[in-house]
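Enquirer: Generate coordinates for the sequence data below:
(2 chains)
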Amino acid sequence: MAAKIKNQKAWFFVMPVVLLVAFNAVIPLMTVVNYSVQETFGNNLFFWQGIGWFEQVLNSERFQSSLGRQIVFTSIILAIEIPLGIAIALAMPRKGVGVSVCLVLMALPLLIPWNVVGSMWNIFALPEIGLLGKALNSLGFDYNFTRQPLSAWFTVILMDVWHWTSLVVLLAYAGLCSIPDAYYQAARIDGASRWAIFRFIQLPKMKRVLTIAVLLRFMDSFMIYTEPFVLTGGGPGNTTTFLSIDLVKTALGQFDLGPAAAMSLIYFLIVLLVSWVFYTLMMKDEVE
Amino acid sequence: MGLSWMAWTWQTALFFIGIFMALTAMCIWEYFQPGGAPRRGILSLDTTRGDRLFITLLGSAFIFLGWLGFFGPPLWGAAIVSLLYGYSVFRWV
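Expert: Residues are numbered from 1 along each chain as shown, chains lettered A, B, ... in the order given. As a prediction, the model looks like this:
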């Protein structure tokens, strides 16, 4: 125990990371905290505002609506992408050339930059010339994502599902591949059904990677900005204005840095809380 | 280059000094009275002293935000609830 206390070399090894984090995370965070209690009109002139911005943001209908939309969007995304990702991973081959083909196909959407995805889907879903838009209208649906909130939501969700389900698939597939054959052999001897194998072997073994998948998809969908911004610009009206779009509008569009900083901190605390809950659940399982 | 762009105020400086002092106090506490190994509390979570400080700070932030959203200023009530919450976390979680 005494030797452990005396040996402080590890501090020197972690110092570069600590400095890097200090510069790219802690200092900007401190600045945001400073901005959140002040008013500025530029030129580095600041006026003390106290907790006024926080009170304003918490009671603002606009923030509450954005937060509500964000929670609904993230919930829908998780409810679709996680089961769909597991289903695709279960259907993927484990041996042969099909494995590489499937993995490459699954990885393709993940390689496309977010703004390109937004542009692609914007053209793809246009009601007059886009393949999706034109097809849906030809089938008798009244579809126009630039005018109808429901169509806009449908398109944003479909786009996100297309872009990010692959991540869940790859993680779930990695989890499935790590299950030793002995488990399946034992299940076959016991005459277990397909459902029983999934419920009692595959799902418990995938639990850890699925927790990571849920955490990643939660954080990413909760911070979504580029794709809906390029696709709908937050519209029609404000119907697809999620938290980060609202934040950018407040900070850069209106140059209200104080309210934007207060909003950022509330946003940050929500992400921190949910991430901590997921992390705790993950570590709890590991310890048990 | 000065630090004027960071817009420091004595109140926010005090806030960060408070957090750094809490971290330092935790280190000193652990050095003189080791006991930071995980323990299982009422939430069935294995938490170290550092975890309990994190839960206290994060929970207190939400208590203050909740108080501000529902009752508005002053925040003395939130401060008292946070202190009680922090004590409970360190005692039982």
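
Enquirer: Residues of chain B that sit close to chain A?
Expert: B:4-9, B:11-12, B:15-16, B:31, B:44-46, B:54, B:58, B:61-62, B:65, B:68-69, B:72-73, B:75 (C-beta under 8 Å from any C-beta of the partner chain). The C-beta positions use only the backbone N, C-alpha and C, and glycine is treated the same way.

Enquirer: Which members of those are positioned in helices?
Expert: B:11-12, B:15-16, B:31, B:54, B:58, B:61-62, B:65, B:68-69 (DSSP state H).

Enquirer: burial of A:Ala261, as a residue count?
Expert: Neighbourhood size, A:Ala261 [other C-beta atoms under 10 Å in any protein chain shown]: 26.

Enquirer: How about B:Trp5?
Expert: 12.

Enquirer: Also the one 5 residues further on?
Expert: Other residues within reach of B:Trp10, judged by other C-beta under 10 Å, total 8.

Enquirer: List buried residues within the residues of chain B next to chain A.
Expert: Among these, those buried by neighbour count (16 or more other C-beta atoms under 10 Å in any protein chain shown) are B:6-8, B:12, B:45-46, B:61-62, B:65, B:68, B:75.

Enquirer: Roughly how far does the residue nearest to the spatial centre of chain A sit from chain B?
Expert: Nearest to the mean C-alpha position of chain A, counting by C-alpha atoms, centre = their mean, stands A:Asp220 at 1.9 Å. A:Asp220 is 21 Å from chain B, where distance means C-beta to the nearest C-beta, to the nearest Å.

Enquirer: State the distance from that residue to A:Val32.
Expert: As judged by C-beta to C-beta, to the nearest Å, A:Asp220 and A:Val32 stand 21 Å apart.

Enquirer: Please apply the same query to A:Asn115.
Expert: Distance from A:Asn115 to A:Val32, by C-beta to C-beta: 25 Å.

Enquirer: In terms of packing, which of these two has more residues around it?
Expert: The neighbour comparison of A:Asn115 against A:Val32 (other C-beta under 10 Å) goes to A:Val32, with 19 against 12.

Enquirer: returning to that earlier point: could you redo the ones in helices among the residues of chain B next to chain A as JSON lines and give each row distance to A:Leu257?
Expert: Below are these laid out as JSON lines (distance: C-beta to C-beta, whole Å):
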{"residue": "B:Gln11", "distance to A:Leu257": "17"}
{"residue": "B:Thr12", "distance to A:Leu257": "14"}
{"residue": "B:Phe15", "distance to A:Leu257": "19"}
{"residue": "B:Phe16", "distance to A:Leu257": "19"}
{"residue": "B:Tyr31", "distance to A:Leu257": "41"}
{"residue": "B:Phe54", "distance to A:Leu257": "28"}
{"residue": "B:Leu58", "distance to A:Leu257": "25"}
{"residue": "B:Ala61", "distance to A:Leu257": "21"}
{"residue": "B:Phe62", "distance to A:Leu257": "24"}
{"residue": "B:Leu65", "distance to A:Leu257": "20"}
{"residue": "B:Leu68", "distance to A:Leu257": "20"}
{"residue": "B:Gly69", "distance to A:Leu257": "21"}
